[in-house]
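1. What shape does this take:
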Amino acid sequence: MPQTPVGPGTKQKKQRATTFKRLPKGPNGGIELLLIQNVDHLGKQGDVVEVRPGYANNYLLPQGLATLATEHHKRMVEKHRAQLLKIEKARLAHLQGLADALGKQSITIEARANDEGHLYGSVGATDIVAELKKNDFQLSPSHIRLEGPLKELGLYTVRVRLHQEIEADLKVWVVPDSSDVKPSE
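-> Prediction:
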């Protein structure tokens with residue numbers, strides 16, 4: 001039997017190691033997953049959903065938002081569903097209280113502007129969140145729903161979305177920077 005040469009100039013086929021497991025298919029050909037957390041436009045915690053393989057492998061599983069929908073996991077969720085509902089109800093009550101407090105809140109943001117009231121820059125979600133942090137509200141810029149940056153002085157009503165079902169309206173005053181005000185003669 002002739003020996004095949006082994007060396008830097010020879011080509012060898014390498015065995016590809018498959019490190020990933022095939023995910024179980026659902027009835028419609030997608031991947032069945034059990035949601036660990038609420039996912040917008042998909043489902044609530046404890047729901048069994050069927051998604052495309054790429055969405056499961058690239059987003060839901062790596063982010064820890066879902067797990068495989070095995071019989072064991074389904075039994076565990078059913079066993080703890082009452083406790084999960086109690087926790088979710090308490091979380092929603094807390095968010096509703098936060099929304100009520102935000103609805104009563106009014107914040108003032110100073111910005112540099114010209115004589116006609118047009119801002120030199122703009123006021124965005126990060127500016128609003130920074131001002132809210134001064135008033136002990138811990139939000140992220142993703143909670144603030146702006147139709148576009150605020151580019152003029154005035155009063156704006158900004159929608160704050162805390163949860164799929166909980167929103168609040170926040171009053172935002174954009175006023176001229178106190179260093180820009182010229183002393184009247």
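
2. Let me see the contact set for residue 23.
-> By C-beta atoms under 8 Å, 6 or more residues apart in numbering, the contact set of residue 23 is 31, 53, 56-57, 68. The C-beta positions use only the backbone N, C-alpha and C, and glycine is treated the same way.

3. Recalculate using a threshold of 7 Å.
-> Residue 23 makes contact with 31, 53, 56, 68 under the criterion C-beta atoms under 7 Å, 6 or more residues apart in numbering.

4. swap in residue 66?
-> Residues counted as contacts of residue 66 (C-beta under 7 Å, 6+ apart) are 33-36, 60.

5. Which of these scores worst on pLDDT?
-> Ranked by pLDDT, those bottom out at residue 36, which scores 84.

6. Quick check: closest non-adjacent residue to the residue sitting nearest the centre point of the chain.
-> By C-alpha atoms, centre = their mean, the chain has its centre lying nearest to residue 142, at 6.4 Å. Taking C-beta to C-beta, 6 or more residues apart in numbering, and ignoring the residues beside it in sequence, residue 142 has residue 125 as its nearest neighbour in space, at 7.8 Å.

7. Quick check, that neighbour in contact with residue 143.
-> No: contact criterion C-beta atoms under 7 Å: residue 125 and residue 143 do not qualify, at 8.1 Å.

8. And the longest helix seen in the chain, what's buried?
-> Counting residues, the longest helix in the chain under DSSP state H turns out to be helix 71-104. For helix 71-104, a neighbour-count test (16 or more other C-beta atoms under 10 Å) marks 73, 77, 98-99, 102 as buried.

9. Repeat that for stretch 119-138.
-> Quick answer for stretch 119-138 (16+ other C-beta under 10 Å): 119, 123, 125, 127-129, 131-132, 137.
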